[in-house]
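Undergrad: A predicted structure for the sequence below; I have some questions about it.
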Amino acid sequence: MDIGIAMFVTGTSIDAAVLAKYCEDIGFESLWLPEHPVIPAGDKTKWPGSIDGIMPDEYYNVVDPFVALARASAVTTTLKLATGICLVPERNPLTLAKEIASLDYFSQGRFLFGIGTGWLREETELFGVAFADRIKYTRESVLAMKELWTQDEAEFHGEFIDFPPVISLPKPSQKPHPPVLIGGMAKNVFSRVVEWGDGWMPNRVTPDDVVAGRNTLTRLCEEYGRDPNSISISVYGQPPDAELLKRFESAGADRVMVRLETAPELQALQSLDNMANKVLS
């Protein structure tokens with residue numbers, strides 16, 4: 001099982017290039033960076049990650065993941081470069097497809113496209129997408145980007161995404177395209193993964209949840225006529241607990257991303273060393 005690192009890289013944390021190089025040097029498989037392009041000021045939906053609902057400071061200060069991953073790609077050769085997660089409803093698929101293709105091209109096929117639809121209503125709707133429509137918008141965006149990545153002349157005509165024949169080059173290095181890993185634990189996430197994804201990326205789950213998820217994915221693949229082995233499971237945001245990671249592996253996870261707290265360079269590198277001693281030895 002592969003083990004990656006997930007971190008909020010911010011304007012005051014370790015440089016993404018330094019972080020990525022060190023992750024590769026000590027043996028981690030991948031680096032996962034999240035995004036929040038902008039956080040509305042004032043009253044808003046409470047953060048679901050705590051009892052008091054107060055959003056951590058790093059949400060306001062997180063850097064753009066594609067800029068940071070491009071920086072990381074220049075100083076690494078094997079490390080997988082991933083979004084964890086990209087908020088697709090806050091992106092235009094024509095420009096997002098170009099960014100991803102360019103990053104995958106420059107990194108020689110090392111990009112992993114972890115996606116989500118977001119939980120912060122006020123942020124989503126700043127980008128012109130109704131919160132209730134964010135999943136449908138994401139589905140159409142992914143399908144449209146697959147056309148852009150794989151066709152010489154691509155076009156798409158949907159409810160939310162609509163464009164005539166266009167040429168989008170360069171194509172990604174990975175064929176047919178970088179893997180699309182869909183985050184979430186919602187009831188319908190498994191059907192989305194089977195229909196238009198390449199992997200499931202749950203957060204805040206137990207090994208038993210992964211067993212149940214794998215069984216559901218296998219059943220849906222059989223109904224859909226798809227090979228269950230074509231779908232990966234990447235468990236997001238776990239503590240550096242070697243025994244827990246072994247349980248996730250036994251449960252059917254292909255990858256676990258260990259959570260690294262946002263910190264300046266020296267502190268972050270020391271934490272990485274401690275994590276590596278716990279989970280890579």
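TA: Looks like it came in fine. Residues are numbered from 1 along each chain as shown.

Undergrad: got the residue ranges for the strands in the stretch 1-150 of the chain?
TA: Counting by DSSP state E, counting those that start in this stretch, one finds strands in the stretch 1-150 of the chain at the ranges 2-6, 30-33, 80-87, 111-116.

Undergrad: Listing request: residues of the stretch 101-250 of the chain with sub-threshold pLDDT.
TA: Applying pLDDT under 70 to the stretch 101-250 of the chain flags no residue at all.

Undergrad: for it, what spans make up the helices?
TA: Assignment of helices within the stretch 101-250 of the chain using DSSP state H, counting those that start in this stretch yields the ranges 121-126, 134-150, 189-196, 207-224, 242-251.

Undergrad: And these: which comes nearest L19?
TA: In this view, those are compared for proximity to L19 by Cβ to Cβ, and helix 242-251 is the closest at 20.5 Å. Where C-beta positions appear, they are placed from N, C-alpha and C, glycine not excepted.

Undergrad: Packing partners of the closest one?
TA: Other helices and strands packing on helix 242-251, by 3 or more Cβ pairs under 8 Å, 6 or more residues apart in numbering; DSSP states H and E, are helix 207-224, strand 232-238, strand 255-259, helix 265-279.

Undergrad: Same list (the helices of the stretch 101-250 of the chain) but as TSV, adding distance to P48 and mean neighbour count.
TA: Listed next are the helices of the stretch 101-250 of the chain as TSV, based on distance: least, Cβ to Cβ, whole Å; neighbours: other Cβ atoms under 10 Å:
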stretch	distance to P48	mean neighbour count
helix 121-126	12	18
helix 134-150	16	21
helix 189-196	16	20
helix 207-224	17	16
helix 242-251	22	16
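
Undergrad: export the ones you listed to JSON lines and tack on distance to L181?
TA: Formatted as JSON lines, the entries for the helices of the stretch 101-250 of the chain read as follows, by distance: least, Cβ to Cβ, whole Å:
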{"stretch": "helix 121-126", "distance to L181": "20"}
{"stretch": "helix 134-150", "distance to L181": "11"}
{"stretch": "helix 189-196", "distance to L181": "9"}
{"stretch": "helix 207-224", "distance to L181": "13"}
{"stretch": "helix 242-251", "distance to L181": "16"}
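
Undergrad: Those: which one's closest to L31?
TA: For L31, the closest of those is helix 242-251, at 17.2 Å, according to Cβ to Cβ.

Undergrad: and that closest one, how far out from the chain's middle?
TA: Relative to the chain's own centre, helix 242-251 is displaced by 21 Å; criterion: Cα atoms, centre = their mean, to the nearest Å.

Undergrad: how far off strand 2-6 does that helix point, in degrees?
TA: Interaxial angle of helix 242-251 relative to strand 2-6 (axes from the mean of the first three to the mean of the last three Cα atoms, to 10 degrees): 120 degrees.

Undergrad: Now tell me what touches helix 242-251 from outside.
TA: With contact meaning Cβ atoms under 8 Å, 6 or more residues apart in numbering, helix 242-251 is reached by 1, 3, 207-208, 210-211, 214, 235, 238, 256, 258, 278-279.

Undergrad: nearest spatial neighbour of D208, skipping sequence neighbours?
TA: A251 (7.2 Å; Cβ to Cβ, 6 or more residues apart in numbering).

Undergrad: Please apply the same query to A268.
TA: Taking Cβ to Cβ, 6+ apart as the measure, A268 lies nearest to I14, with 4.1 Å between them; neighbours along the chain are not counted.

Undergrad: Quick check: the one you found vs A72, distance?
TA: I14 sits at a distance of 11 Å from A72 (criterion: Cβ to Cβ, to the nearest Å).
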